[in-house]
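Colleague: Provided below are the primary sequence and the corresponding predicted coordinates.
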Amino acid sequence: MTTFTVTDLRHLFASSEGLAGNPAFGPDELDVALADLGYDSLAMLELAAIVQREYGVRMPDDCVIEMTTPRAAIEYINRRLTEVNAA
C-alpha cells in the first residue's frame, strides 16, 4: 500500500506551477492553515487534480474542505489511498 508523506506533499507543491508558494513547510507548520502558507482553494483543487492523476485516486472537489493544513491534507490523501487499496 502506498503511503502519502509530507515529503510527497512538498514535492507536489514544488513541482507544479499552479502550486507555487512555500513548499518548504517544516514540522512546526504542519498544523498551520494552508491559506496562511499562501495556498488558496484553487491551489488545493490543483493539488487534488495532481494526486488524482499521479496516484490514481479520485479526489472530489469538496476535498478542499478537509485539506485545510498540510497534516490534514496528508491524512485525507492517505484515507483516499486506503479506500482505493481496500476496494
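Modeller: Sure thing, it's come through. Residues are numbered from 1 along each chain as shown.
Colleague: This structure: helices as residue ranges?
Modeller: Shown for the chain, the helices assigned by DSSP state H span residues 6-15, 41-55, 63-66, 70-86.
Colleague: what's the least confident stretch among those helices?
Modeller: Mean pLDDT values for these show the minimum at helix 6-15, a mean of 86.
Colleague: Just the buried positions in that helix, please.
Modeller: Of the residues in helix 6-15, those buried by neighbour count under the rule 16 or more other C-beta atoms under 10 Å are 6, 8, 9, 10, 12, 13. The C-beta positions use only the backbone N, C-alpha and C, and glycine is treated the same way.
Colleague: Out of the helices of the chain, flag the one nearest residue 32.
Modeller: Distance to residue 32, taken as C-beta to C-beta, is lowest for helix 70-86 among these, at 7.5 Å.
Colleague: roughly how far is the closest one from the heart of the chain?
Modeller: Going by C-alpha atoms, centre = their mean, to the nearest Å, the spacing between the C-alpha centre of helix 70-86 and its chain's C-alpha centre is 9 Å.
Colleague: Which elements pack onto that helix?
Modeller: Packed against helix 70-86, as judged by 3 or more C-beta pairs under 8 Å, 6 or more residues apart in numbering; DSSP states H and E, are the following elements: helix 6-15, helix 41-55, helix 63-66.
Colleague: and residue 74, which of these is closest to it?
Modeller: Smallest distance to residue 74 across the helices and strands packed on helix 70-86 (C-beta to C-beta): 5.7 Å, for helix 6-15.
Colleague: The closest one to helix 70-86, inter-axis angle?
Modeller: With axes from the mean of the first three to the mean of the last three C-alpha atoms, to 10 degrees as the basis, helix 6-15 and helix 70-86 are set at 110 degrees to each other.
Colleague: pretty sure residue 70 contacts residue 9?
Modeller: Yes - because the distance of 6.0 Å satisfies C-beta atoms under 8 Å, residue 70 is recorded as touching residue 9.
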